[in-house]
Every structure is written in C-alpha cells, then in structure tokens.
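> predicted model and sequence below, questions to follow.
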Amino acid sequence: SQQGEEDPQALSIQEGENATMNCSYKTSINNLQWYRQNSGRGLVHLILIRSNEREKHSGRLRVTLDTSKKSSSLLITASRAADTASYFCATATTGYSTLTFGKGTMLLVSP
Amino acid sequence: KAGVTQTPRYLIKTRGQQVTLSCSPISGHRSVSWYQQTPGQGLQFLFEYFSETQRNKGNFPGRFSGRQFSNSRSEMNVSTLELGDSALYLCASSPLGYNEQFFGPGTRLTVL
C-alpha cells in the first residue's frame, strides 16, 4: 500500500524556473527519501531527511519535512531539461531497508 | 565501484510459466531489496534479504519468492505467472540495510 502521496501528479515548467513537489504520508517515520527515475529506468537516490531534521540542502535541491503535518516538499531550483523525470518520495518507518513509495510526480522541464 | 546489475533486462513469458530474475549488488553491500513497479500500483516492496536471510517481506502471494547467496547476489522467482505480474522489477542494495538504497536498472517482465 502507498504510504506517501505526491502532489502534483504532473508538473510542466520552463528551464530556469523552480519546481516544487509535495509528499504526504500517514504513519510515523524514521526518515523520508526522495528518488528520481528517468523513463522506466532504475531509481536514483537524491536526498534523505531524518525525522528530527526540518530542512536539508544538496546542490539545487532543498527538502523540508514537517512531521506534525506528515508532509515533505522537494524544491528544485533553476530547473534544467535534464531534470525531466519522475520524482518519488519514500518513507522508512524504521532504520531498516523497507521503503514505502508514493506514486510520484512527473516533472517536464522544457528548454 | 560497479553499480547494481540486474539480468536479464527484458523478459517475455506466457501465463503459467515461471521466471527467475537475478541481481548483483554493489560490492560490500549485504542488503538486497526487491520492488515491483506497475502503472496501476506504483512501486511496491516485495522482500529484503540481509546476509542470506529474508528480513522483511511485502504483501505479495507465495508465488513470489527469493533468496540470497553468500556473495550477496540475489534471485527472485515468480511461479505460475499471471498477466498482472507484468511489471518492472527493481533490485536495490545498501550496505547494512539502512537509509539510502542503490537501485539497478530493472528487469522488464511481460507476461502474455
């Protein structure tokens, strides 16, 4: 069953604009992760934020976590065409490997 | 380091047959997890192996099984294939089973 629900389901922007994706989840978590998937290929880990963290940065990525609202957001700044992909949030209820994924946001960045 | 590799990349089978998929984790990684991805259900966790033992199992029927060898390589088997088993099967490895997962390119299974 899906733990996370991403919003929006699809997002279309121009190069240079910022892209924001949101994720909501249902149960308590140990950490929340964001992954990218290019057209039917494997997933690439982007960033992990632990339940006791509120914000994390990695390059052009900024992730926030609000455990009181059970939600997270992923911001990609200055988007590029190469950022076109599906983005998934995944939650881990413990420190172990089982990840529960949302259905993802499809991001299209046009040149 | 070489990434996670999965073989075969594409597979076509007919209903009722069985299939075995293989995954070689990143060297040194002891945890291997399997996921099924379909357009309707999204990404769903199948099972996780750590040091040759199944540590976690998702909500899939017994037709789905797996194992892990002493070199951490893993296989998953699906018996009596159904049309609904058509999916992208993803394998992921991690050093100890914590946190970040490293995914392979997947095996695209089509059941006719």
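Everything's here; your move.
> please make it C-alpha for all contacts and neighbour counts, starting now.
OK.
> name the residue of chain B that lies nearest to chain A.
B:Pro105 (4.1 Å; CA to the nearest CA).
> which residues does the residue positioned nearest the centre of chain B bridge with?
Closest to where the C-alpha atoms of chain B average out (CA atoms, centre = their mean) is B:Trp34, at 3.5 Å. Beta bridges link B:Trp34 to B:Phe47, B:Cys91, judged by DSSP bridges.
> B:Ser22 now?
With DSSP bridges as the criterion, B:Ser22 is bridged to B:Thr7, B:Glu75.
> check it and give its pLDDT.
With respect to pLDDT, B:Ser22 scores 98.
> for A:Gly95, same thing?
63.
> any idea how far B:Tyr10 lies from B:Gln44?
19 Å (CA to CA, to the nearest Å).
> these two: who's more crowded?
Neighbours per residue, other CA atoms under 10 Å in any protein chain shown: of B:Tyr10 and B:Gln44, the larger number sits with B:Gln44, 24 against 12.
> from the chain's centroid, how far away is the strand or helix carrying that one?
For B:Gln44, the element it lies in under DSSP states H and E is strand B:42-50. Put simply, strand B:42-50 sits 7 Å off its chain's centre (CA atoms, centre = their mean, to the nearest Å).
> show me the contacts for the residue of chain A found nearest chain B.
Across chain A, the shortest distance to chain B (CA to the nearest CA) belongs to A:Gly42, at 4.1 Å. Counting by CA atoms under 8 Å, 6 or more residues apart in numbering or on different chains, A:Gly42 makes contact with B:Leu90, B:Phe103, B:Gly104, B:Pro105, B:Gly106.
> the closest residue to it other than its chain neighbours - how many residues pack around it?
Nearest residue to A:Gly42, sequence neighbours excluded (CA to CA, 6 or more residues apart in numbering or on different chains): B:Pro105, at 4.1 Å. When neighbours are defined as other CA under 10 Å, B:Pro105 has 22 of them.
> quick one: B:Pro105 and B:Thr5 touch, right?
Yes: B:Pro105 is within contact range of B:Thr5, at 7.0 Å (criterion: CA atoms under 8 Å).
> wait, isn't A:Ile13 in contact with A:Ile76?
No: contact criterion CA under 8 Å: A:Ile13 and A:Ile76 do not qualify, at 11.3 Å.
> who has more neighbours out of these two?
Taking neighbours as other CA under 10 Å, A:Ile13 and A:Ile76 compare with A:Ile76 leading, 20 against 17.
> in the sheet, who's paired with that one?
A:Ala19, A:Leu61.
> distance-wise, check it relative to B:Ala87.
29 Å.
> can you give me the strands in chain B?
With DSSP state E as the criterion, chain B has strands at B:5-7, B:10-13, B:19-24, B:31-38, B:42-50, B:53-57, B:64-68, B:74-78, B:87-94, B:102-103, B:107-111.
> buried residues, the helix or strand bottoming out on mean pLDDT in chain A. List them.
Lowest on mean pLDDT, DSSP states H and E among the helices and strands of chain A sits strand A:5-7, with a mean of 81. The neighbour-count check on strand A:5-7 (16 or more other CA atoms under 10 Å in any protein chain shown) flags A:Glu5, A:Glu6, A:Asp7 as buried.
> mind putting these into CSV with distance to A:Gln37?
Formatted as CSV, the buried residues of strand A:5-7 follow (distance: CA to CA, whole Å):
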residue, distance to A:Gln37
A:Glu5, 16
A:Glu6, 14
A:Asp7, 16
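> circling back: so what touches the strand holding B:Gln44?
Contacts of strand B:42-50 with the rest of the structure, by CA under 8 Å, 6+ apart, involve A:1-2, A:97-103, B:30-37, B:54-60, B:66-68, B:72, B:96-97.
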